[in-house]
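S.K.: need a 3D model of the following:
(chains A and B)
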Amino acid sequence: MRYDHGGIERKWQERWEAEGISHAPDFDARPKYYFLTMYPYPSGDYLHVGHWFAYVPADAKARYLRMCGCNVLFPIGFDAFGLPAENAAIERGIHPYKWTMDNIDHMRRQFRAMGAMWDWKREIVTCMPHYYKWNQWFFLKMYERGLAYRRLAPVDWCPKDNTTLAREQVVGENRVCERCGTPVIKKNLAQWFLKITAYAEELLDFSKIQWPERVVTLQTNWIGRSEGVEFEIPVKGHPGISFRVFTTRPDTVYGMTFCVLAPEHPLIDQLTTLDRRADVEAYKFKAARESDIERLSTERERDGYFIGAYAINPMDGAEVPIFIADYVLLTYGTGAIQGVPAHDTRDFGFARKYDLPIPVVVAPPGWDGQPLEEAYLDEGTMVNSGPYSGLPSPVGWERIADDMVARGIGERKVHYRLHDWLISRQRYWGTPIPIIYCPDCGTVPVPYEDLPVVLPEDAEFRPTGESPLKFHAGFRQVHCRRCGRPAERETDTMDTFIDSSWYQYRYLSPHYDQGPFDPEKGRVWLPVDQYTGGVEHAVMHLLYTRFWTKVMRDLRLVDFDEPMIRLFNQGIILGPDGHRMSKSRGNTVTADDMVEQYGADVVRAYLMFIGPWNEGGPWNPQGIEGIVRFLARTWALVTEPPGGGGGDGTLRARDVEYRTHHTIQRVTEDLDGFRFNTAIAALMELVNFLQRARSTPLYGTPVWHEAVRSLVLMLAPLCPHVAEELWVEHLKEPYSVHQQAWPAFDPAKATAEQITLVLQVDGRVRDRVDVPAAITDAEAHEVALGNPRVRQFTDGKQVADVIVVPGRLVNVVTR
RNA sequence: GCGGGCGUAGCCGAACUGGUAUAGGCGCCAGACUUAGGAUCUGGUCGGCGCAAGCCGGUGGGGGUUCGAAUCCCUCCGCCCGCACCA
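M.R.: Residues are numbered from 1 along each chain as shown, chains lettered A, B, ... in the order given. Okay, here's the model as predicted:
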């Protein structure tokens, strides 16, 4: 029989838990290692194989690091606030708290069945008041520093989830809600923002972290830094009135033949002439009514209207018409632009449509003075640019920028695409924003001693989509903490990305009540050494948590700049249909049944074996039998005496030794590099080899024991239960295998004595010969030229060259 | 449109810095042990030609650099991801 996985796994899980071997002591002589993996949302789907794929390799790596001598902190918790809980409340009348906690209970059981070394003593659940109290505390700290502010702004609203969203949570070409896929609409609302833009420049600096290039690129593009000049353009006939434009191309300013204001630009009404008013009003109306989807349809022609007013180019006094057009956005730059059709694709199309002149001011190399067929965007020689003509455009760029500054009409400016983080949510199941609005005192922050502002339990969940807090008199009606007169609480709650922005700190001391975390423990554990999780959080969670850490640094809570030093993005396991697993799609696959049938160790190993961790792909359970057989063979190898036959009598002790050490080297390097699939393949090769050595006199010799012990030790992080059972019950080694040192390899033993030397003639393999590994180049040279098969192909030809690649091959080149 | 990634046996995937393409596994074929085998063990398994030894072709297509290319360069095709009027 194979082995009784059910009994073995339960037995060891209970003992590990009872003895607390997964708990990382805060103060310990070993070097610390904080290994963090993204915590799950406790959804009604519970944990599926996609979760296992994320957590099991992380656990294996954490276990490996512990065997390597580190004191590894490997915590888990639950991202417990969020919309699905509230939707369940509306649809089925279950309170979000109960729904969430029931799901968490279920998931805890699944997490235990996984056999992972979670440090349960540090578990956090973000919907608990003693957690979200600190969200509020941070909010107040930011409010004091001007980093949290309330502003009336056009914001993205999801009509299905009935809440506003941060810019990062609106995705794709159609601008849909990141959570539910519904197209968002614009609303003008007073909302709370966190000033992440204050850190834009610093967030572009990735020099202190080792993160995947991909994430660095995503964040860099998201922040979208552009450097240019903002300058003042006076309006003809309106003394004292001017508007500002932002451009990254001050070198093209002499090519301006029109200006464009965004439809929402505040000067439009004032500047539009009477004869133009009707058209402009109609256009404004159209732009306001049109959804972003329509406005952004890729191939739509840019249109606009002349408003009747003229702008004066501050550099040469030229008068150009002012247009209103929706291709200029109020939310970027100044909401107004200089129209330079010759050197901007959009302006080019606009000028063509309205027959505006397209003068070239940056000549392309070899330009013959003819009109352009399309906008020329590259560098060139400046022409028709007054005193700047003849300069290379990059030089002109700097000169014009300097001159605008010197003449007081402009300034150098950097703009970012990044917006401040909109954190208000018109929902119940989140952290209440600790603010009171008093008719007399205005916006009053809740005093620290009143925290936490607790969610009322008796909220009413209506299908109308309105926030239950808004209609909860007991919550809403308060007395001002300054003047004592009746006032109102803020009823919006915080974006749940707030919770995850600092959860890594709370794990250190989840019950600490003097601050978000115990600074003494912070000095031990921080920052996070290794973080793992999906790449889908690249511009949300991973950007927010970097921002949060920088704020914490400025609050002197931490003394470093980045939350997580290293990051690894695992791939995503899709449903068997190739789509993302989700309950609504009905393609989720649970690990529960497989764990029942095969045991957690088999499921763990299979998930690690199917491919590189960073790739993922559609779920396909075919092949799990391979892992079943591998573990059964391993089991038999350790537990059963040699049977008859099947042994390879030519094997020597040195072969076993080489295989063992070579495998240790391979597995060590693979686990260092998160290459679990090849680590398991190496272990399979070792087992297959040992099986051939088993029914020989080598069985039971010291090299045999070393091989078997090493095998079980290497198996321990991957398949912790089987390894423990073999280690303790069959090898009679001291409990626990998980507290043993990772086997070391001896480089001398890990090197083969014999190598296969490949003999090529003109790059084609003609023979392979076994030679001592220590063969010199000259000897290899000779072996090759003396080889009959090589001779057969060099016969009658002249040897032009012999290339020796030490330890690998010899290539005889003929002429 | 811009940016990034990927493409290797029937399938999942290996291949260090340019040096034996296809390790390991699944599946399939054959054999052994068996009353039996959906267990286990052994062997085989990229294609073409060949009795065989072997030869030739082969890493999405085409071209190039090199003694030698899955790997580097150019180009085309396909798939995936991100951004998308950002001035």
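S.K.: so who does the residue of the stretch 351-500 of chain A found nearest RNA strand B touch?
M.R.: Relative to RNA strand B, the nearest point of the stretch 351-500 of chain A is A:Arg417 (3.8 Å; CB to the nearest atom of the strand). The C-beta positions use only the backbone N, C-alpha and C, and glycine is treated the same way. For A:Arg417, the contacting residues are A:Trp222, A:Ile223, A:Gly224, A:Arg225, A:Ser226, A:Tyr332, by CB atoms under 8 Å, 6 or more residues apart in numbering.
S.K.: same question for A:Ile624.
M.R.: Contact analysis of A:Ile624 by CB under 8 Å, 6+ apart lists A:Met594, A:Tyr598, A:Val602, A:Val603, A:Tyr606.
S.K.: cutoff 7 Å now
M.R.: A:Ile624 sits next to A:Tyr598, A:Val602, A:Tyr606 when contact means CB atoms under 7 Å, 6 or more residues apart in numbering.
S.K.: ChimeraX command for the buried members of the residues you listed?
M.R.: In ChimeraX syntax, the buried subset of the contacts of A:Ile624 is picked out as below (16 or more other CB atoms under 10 Å):
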select /A:598,602,606
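S.K.: export the contacts of A:Ile624 to JSON lines and tack on distance to A:Val539 and secondary structure?
M.R.: Compiled in JSON lines, the contacts of A:Ile624 are given as follows (distance: CB to CB, whole Å; DSSP: H, G, I helix; E, B strand; the rest coil):
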{"residue": "A:Tyr598", "distance to A:Val539": "38", "secondary structure": "helix"}
{"residue": "A:Val602", "distance to A:Val539": "37", "secondary structure": "helix"}
{"residue": "A:Tyr606", "distance to A:Val539": "32", "secondary structure": "helix"}
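S.K.: can you redo the contacts of A:Ile624 as a markdown table with distance to RNA strand B?
M.R.: Formatted as a markdown table, the entries for the contacts of A:Ile624 read as follows, by distance: CB to the nearest atom of the strand, whole Å:
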| residue | distance to RNA strand B |
| --- | --- |
| A:Tyr598 | 12 |
| A:Val602 | 12 |
| A:Tyr606 | 9 |
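S.K.: for chain A, which spans come out with low pLDDT?
M.R.: Within chain A, the segments meeting pLDDT under 70 span A:1-2, A:173, A:289-300, A:643-646.
S.K.: rerun that using 50 as the cut-off
M.R.: Scanning chain A for pLDDT under 50 picks out the ranges A:1, A:298.
S.K.: neighbours around the residue of it found nearest RNA strand B, how many?
M.R.: Among the residues of chain A, A:Gly626 lies closest to RNA strand B, at 2.3 Å counting by CB to the nearest atom of the strand. Using other CB atoms under 10 Å, the number of residues around A:Gly626 comes to 14.
S.K.: a helix runs through it, doesn't it?
M.R.: Yes. Secondary structure of A:Gly626 (DSSP: H, G, I helix; E, B strand; the rest coil): part of a helix.
S.K.: so what's the closest residue to it other than its chain neighbours up against?
M.R.: If the residues on either side of it in the chain are set aside, A:Gly626 comes closest to A:Phe609, at 7.6 Å by CB to CB, 6 or more residues apart in numbering. Listed by CB under 7 Å, 6+ apart, the contact set of A:Phe609 reads A:Ile627, A:Asn677, A:Ile680.
S.K.: out of the contacts of A:Arg417, which are inside strands?
M.R.: For the contacts of A:Arg417, the ones inside strands are A:Arg225, A:Ser226, with DSSP state E as the criterion.
S.K.: ok, and which of the contacts of A:Arg417 reach RNA strand B?
M.R.: The overlap between these and the neighbourhood of RNA strand B (criterion: CB under 7 Å from any atom of the strand) consists of A:Trp222, A:Gly224, A:Ser226, A:Tyr332.
S.K.: wait, the third one touches A:Thr248, no?
M.R.: When you say that, I think you mean A:Ser226. Yes. In this structure, A:Ser226 sits in contact with A:Thr248. The criterion is CB atoms under 7 Å, and the distance is 5.2 Å.
S.K.: spell out whether stretch A:675-685 and RNA strand B are in contact.
M.R.: Yes. Interface with RNA strand B: stretch A:675-685 contributes A:Arg675, A:Asn677, A:Thr678, A:Ile680, A:Ala681, A:Met684, A:Glu685 (CB under 7 Å from any atom of the strand).
S.K.: adding secondary structure and neighbour count, write these out as a markdown table.
M.R.: Supplementary listing: the residues of stretch A:675-685 next to RNA strand B in a markdown table, determined by DSSP: H, G, I helix; E, B strand; the rest coil; neighbours: other CB atoms under 10 Å:
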| residue | secondary structure | neighbour count |
| --- | --- | --- |
| A:Arg675 | coil | 20 |
| A:Asn677 | helix | 18 |
| A:Thr678 | helix | 16 |
| A:Ile680 | helix | 25 |
| A:Ala681 | helix | 16 |
| A:Met684 | helix | 19 |
| A:Glu685 | helix | 14 |
